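Undergrad: Quick one, what's the 3D model for this:
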Amino acid sequence: MERFNRLAHSVWDCKYHVVWIPKYRRKELYGAKRQIVVDTIKKWARIKEVEIIGGHAMPDHIHLCLSIPPKYSVSHMIGLLKGKSASEVMSFGTRSSRMVRGRTFWARGYCVSTIGLDEAVIRAYIKNQEQKDKNQMDLPFK
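TA: Now for the predicted structure:
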């Protein structure tokens, strides 16, 4: 794989580490909801030609390593991925099984960081995120 991608008038290598959470950091991403979110993110990333380099859906947040073409802003792509995945999750299941606090699934913000030469470190961090969370939960309180 080449390091740089090409568009009609540009050569680019734009990679981002993105994290976002459900509203109130509720642990909502289990079972069918998790699969719906993952499938929707993959589908819309493919449609918009965004490469998902790595990713992991934790019960209370999403980690993604994305390569976003410069023709799209980062905020536009995150808004699209969050919006489409929230719509899909909210249309899943019976009315009583949906969330009761309105039609808000994701929290308003997100965290994004550019990835330069540390791409391997970021990919390893995302891959091992679940194990790190389990290890932190096993630590006793001081």
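Undergrad: Can you measure across stretch 107-116, start residue to end residue?
TA: 27 Å (Cα to Cα, to the nearest Å).
Undergrad: cool, and stretch 8-17?
TA: By Cα to Cα, the extent of stretch 8-17 from end to end equals 26 Å.
Undergrad: Same check on stretch 46-63?
TA: 17 Å.
Undergrad: Give me the buried positions along that stretch.
TA: Val50, Ile53, Gly54, Gly55, His56, Ala57, His61, Ile62, His63 (16 or more other Cβ atoms under 10 Å). Yep, even glycine has a C-beta here, placed from its N, CA and C like the rest.
Undergrad: So what touches that stretch?
TA: Residues outside stretch 46-63 that contact it (Cβ atoms under 8 Å, 6 or more residues apart in numbering): 15, 17-22, 25-30, 34, 37-38, 41-42, 44-45, 64-69, 72, 77, 80, 119, 122-123, 126-127, 129-130, 133.
Undergrad: Of these, keep whichever come out buried.
TA: 15, 17-22, 28-29, 34, 37-38, 41, 44-45, 64-68, 77, 80, 119, 122-123, 126.
Undergrad: can you pull out the helices in this structure?
TA: With helices called from DSSP state H, the chain shows them at 31-47, 74-90, 119-127, 129-137.
Undergrad: is it possible to export the ones you listed to CSV including distance to Arg6 and mean pLDDT?
TA: Formatted as CSV, those follow (distance: least, Cβ to Cβ, whole Å; pLDDT from 0 to 100):
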stretch, distance to Arg6, mean pLDDT
helix 31-47, 19, 91
helix 74-90, 19, 91
helix 119-127, 19, 77
helix 129-137, 32, 68
